[in-house]
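>>> Coordinates for the following, if possible.
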Amino acid sequence: MTKNQLIKRVPVFIVFALTLLVSAIVYAAKINPPAIMPEFTQVDEVAWFNSKPLRSEDLRGKVVLIDVWTYGCWNCYNSFPWLRGVEEKFADQDFTVIGIHTPEFDREKERENVLKKIEEFELHHPVMMDNNKAYWRALRNRYWPAYYIVDKKGNIRDAFIGETHEGDRRAKKIEKLIAKLLKE
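Residues are numbered from 1 along each chain as shown. Next up is the predicted model:
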């Protein structure tokens, strides 16, 4: 193949690469949660922090924000200040956050390491260790962090992915949905 033939193919290659990139971004932005909040997959007390093992029925009558995270994820860390702010904002209402710690690496499966990070980041809500990714799979999740908003009847009303900060577009959308569901 000559140099001129290669140069003529560059635009085709660029269009193909851009198409793949846009497709990947669109696919990554979509999340297809189940219609109903799955039952928690861990019933052993050692798998829970800041709470006894919970069941989904324990949360009926509350709006729930499920936070899927892992302690090796900087985007998760960077979202914790916003998450604590949401807890404070809705503290006097029928609202709770449930953390689901789903490890990416083996070292993130060690209970003591998870406990240290929960203390470091001042997470006071219940956190379930999901070392076997059972809850991750039940949610059909693929990302850290991911947030699932559950209504008072246990229905997942929306899901959001990615690092979130107070006042950003995603945070405003999540908080608006929580406020709406609290009134229902």
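>>> Am I right that D67 falls within a strand?
Yes: counting by DSSP: H, G, I helix; E, B strand; the rest coil, D67 is part of a strand.
>>> give the contact list for it.
Shown in contact with D67 (CB atoms under 8 Å, 6 or more residues apart in numbering): S79, L83, V97, I98, G99, I100, P145, A146, Y147. Bear in mind the C-beta positions are built from the backbone N, C-alpha and C, glycine included.
>>> Tell me which entries of the residues you listed lie within strands.
The members of the contacts of D67 that map onto strands under DSSP state E are V97, I98, G99, I100, A146, Y147.
>>> List the beta-bridge partners for the second one.
Counting by DSSP bridges, I98 forms beta bridges with I66.
>>> I'd guessed it sits against L123; true?
No: checked against CB atoms under 8 Å, the pair I98 and L123 is beyond contact range at 10.8 Å.
>>> Those two: which has the busier surroundings?
Taking other CB atoms under 10 Å, I98 and L123 do not tie; I98 has more neighbours (24 against 21).
>>> least trustworthy helix or strand in the protein by mean pLDDT?
Ranked by mean pLDDT, DSSP states H and E, the weakest helix or strand in the chain is helix 3-29, scoring a mean of 54.
>>> With pLDDT as new columns, can the ones in strands among the contacts of D67 be given to me in CSV?
Converted to CSV, the ones in strands among the contacts of D67 look like this (pLDDT from 0 to 100):
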residue, pLDDT
V97, 98
I98, 98
G99, 98
I100, 98
A146, 98
Y147, 98
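>>> burial count for F90?
F90 has 18 nearby residues by other CB under 10 Å.
>>> Let me see the confidence value for it.
Note for F90: predicted pLDDT of 98.
>>> Where do the domain boundaries of this structure fall?
The chain breaks down into these domains under automatic domain parsing: 1-30, 33-183.
>>> most tightly surrounded among those?
Comparing the domains of the chain by mean neighbour count (mean count of other CB atoms under 10 Å), domain 33-183 comes out on top with a mean of 17.
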